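Engineer: Would you be able to build a 3D model of this:
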Amino acid sequence: MIANYFQKNKEYFKIRKSIILDYNPEKTNKKIKKRISKLNEFEHFSLFCEVFIEKPLFPFTKEYLSHFTKKRKKSNHKIYDFFPRSNSNTSNSSKDYYLVFNCNKDFEELIINHLKTKEYSTETLVKKLLIIKEYLLQYFLDPLEILIPTLKNQLKKTNKLFIENDTFIFDLIEELEYNKKNYNNLLNSIENKIKSLSNESIENNQIKNNSSLKKIKGNYQIEVKNEVLEEIYNELNRYDFIDIDRTSKEDFIKVFKLDWKDHDSVIHFKITNVEVKFFIECFDEDLNEKIPLTFIEHAGNIKTKDRIFKASTLYSGGSQSEKNSPNIKIIRSIFEKIKKH
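Structural biologist: Below is the predicted model:
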């Protein structure tokens with residue numbers, strides 16, 4: 001269910017082609033707008049973000065960006081929001097409408113359903129919530145960290161952003177900021193639920209095994225051969241990226257392959273959070289093994305030079321110099337070498 005929600009269907013790519021390749025800043029194509037409104041919240045926001053990547057930010061007009069938005073009267077604001085919007089408006093408190101994205105808030109509904117469900121076992125539900133948290137950070141909150149400052153910075157540079165309506169950009173920023181606040185509130189709710197479920201699971205496990213040890217259930221679910229992990233370990237050691245005094249080759253394999261509750265091994269990297277994040281991304285890109293950063297944060301068995309590994313910080317953090325560090329290039333070369341074998 002979760003994976004299917006985050007699959008872009010054929011209609012998405014058809015609309016993407018129309019809205020990007022057939023760019024017309026002078027008018028809103030009502031047919032395309034209607035098709036966009038039928039996308040789910042993930043596809044809708046992804047398309048909106050792609051527009052800003054594929055095309056120069058300006059001269060986007062109100063007519064063009066209206067493909068993604070609509071006005072809703074304040075008095076009729078009955079949209080399904082987990083955290084209702086305040087009537088206060090920083091940009092224009094006298095207006096009688098909100099500018100909102102013209103899509104269903106089905107991602108919020110998916111999250112809330114998982115927060116309330118009793119359908120799954122504790123371990124399964126924690127995994128599902130960790131995956132949802134990963135998607136929330138990667139596909140919603142991380143892009144918003146880029147979009148909002150970009151729009152605000154452009155406001156400072158020019159007084160004529162849009163051809164016919166200079167207030168449109170303020171309304172758009174307000175909607176993005178509202179969504180960011182709403183998503184952060186949902187993120188907090190997910191984290192609280194995961195913490196509650198995990199504590200419950202740990203207590204039950206202690207009682208069942210008559211043990212005082214706090215063991216978190218779960219695993220990274222990767223199918224990389226041990227020989228490949230050994231080769232990666234050797235390469236990390238070669239460049240002094242891993243603390244071999246505290247992390248043996250066996251520890252390295254156990255962390256990635258075994259259930260967390262079945263071992264006490266921890267990987268101690270000697271590189272930064274940003275560099276470890278890139279290392280984990282290479283598993284997906286080069287070995288076709290996706291390891292959610294939220295799983296790493298939850299398990300707590302991968303340590304970095306920065307010590308604290310927090311997924312939300314990693315998705316929004318990292319300076320450009322960190323992302324272009326020499327270590328990043330070395331990590332890239334390690335996986336390119338592995339792929340050739």
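
Engineer: per the record, what domains does this protein have?
Structural biologist: In terms of domains, the chain is parsed into 2-203, 226-340 (source: automatic domain parsing).

Engineer: can you redo the ones you listed as JSON lines with mean pLDDT, mean neighbour count and distance to residue 220?
Structural biologist: Using the backbone N, CA and C atoms, a C-beta is placed for each residue, glycine as well. Putting those into JSON lines (pLDDT from 0 to 100; neighbours: other C-beta atoms under 10 Å; distance: least, C-beta to C-beta, whole Å) gives the following:
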{"stretch": "domain 2-203", "mean pLDDT": "82", "mean neighbour count": "16", "distance to residue 220": "11"}
{"stretch": "domain 226-340", "mean pLDDT": "91", "mean neighbour count": "17", "distance to residue 220": "5"}
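
Engineer: Nearest to residue 218, out of those domains?
Structural biologist: Taking C-beta to C-beta, domain 226-340 is the member of these nearest to residue 218, at 5.3 Å.

Engineer: now that closest one: how far from the chain's centre is it?
Structural biologist: Counting by C-alpha atoms, centre = their mean, to the nearest Å, domain 226-340 is centred 19 Å from the centre of its parent chain.

Engineer: what's the straight distance from one end of it to the other?
Structural biologist: In domain 226-340, first residue to last residue: 17 Å (C-alpha to C-alpha, to the nearest Å).

Engineer: returning to that earlier point: in CSV: the domains of the chain, plus distance to residue 219.
Structural biologist: Conversion of those to CSV gives the following (distance: least, C-beta to C-beta, whole Å):
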stretch, distance to residue 219
domain 2-203, 9
domain 226-340, 5
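
Engineer: At the geometric centre of this protein, which residue do we find?
Structural biologist: residue 138 (1.5 Å; C-alpha atoms, centre = their mean).

Engineer: Just the element for the residue nearest to it when sequence neighbours are not counted, please.
Structural biologist: Using C-beta to C-beta, 6 or more residues apart in numbering and skipping residues adjacent in sequence, the residue nearest residue 138 is residue 315, 6.2 Å away. Residue 315 is part of helix 311-316, with elements assigned from DSSP states H and E.

Engineer: Look up how far residue 252 lies from the residue nearest to residue 138.
Structural biologist: 25 Å (C-beta to C-beta, to the nearest Å).

Engineer: What of residue 130?
Structural biologist: Taken as C-beta to C-beta, the span from residue 130 to residue 252 is 22 Å.

Engineer: Pretty sure residue 70 sits in a helix.
Structural biologist: No: per DSSP: H, G, I helix; E, B strand; the rest coil, residue 70 lies outside any helix segment and is strand.

Engineer: OK, contacts around it?
Structural biologist: Shown in contact with residue 70 (C-beta atoms under 8 Å, 6 or more residues apart in numbering): 37, 99-102.

Engineer: Next step: these restricted to strands.
Structural biologist: Judged by DSSP state E, the subset of the contacts of residue 70 located in strands is 99-101.

Engineer: And the strands in the stretch 201-341 of the chain?
Structural biologist: 267-268, 302-303 (DSSP state E, counting those that start in this stretch).

Engineer: out of the ones you listed, nearest to residue 276?
Structural biologist: strand 302-303 (7.1 Å).

Engineer: so what does the closest one touch, helix or strand wise?
Structural biologist: Where contact means 3 or more C-beta pairs under 8 Å, 6 or more residues apart in numbering; DSSP states H and E, strand 302-303 is packed against strand 267-268.

Engineer: which strands and helices sit next to the strand it packs on?
Structural biologist: Judged by 3+ C-beta pairs under 8 Å, 6+ apart, the packing partners of strand 267-268 are helix 249-257, strand 302-303.

Engineer: and these as CSV, adding distance to residue 339?
Structural biologist: Shown next, in CSV, are those (distance: least, C-beta to C-beta, whole Å):
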stretch, distance to residue 339
helix 249-257, 18
strand 302-303, 22
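
Engineer: Quick one: closest of the ones you listed to residue 290.
Structural biologist: Comparing the helices and strands packed on strand 267-268 by C-beta to C-beta, helix 249-257 comes nearest, at 12.7 Å.
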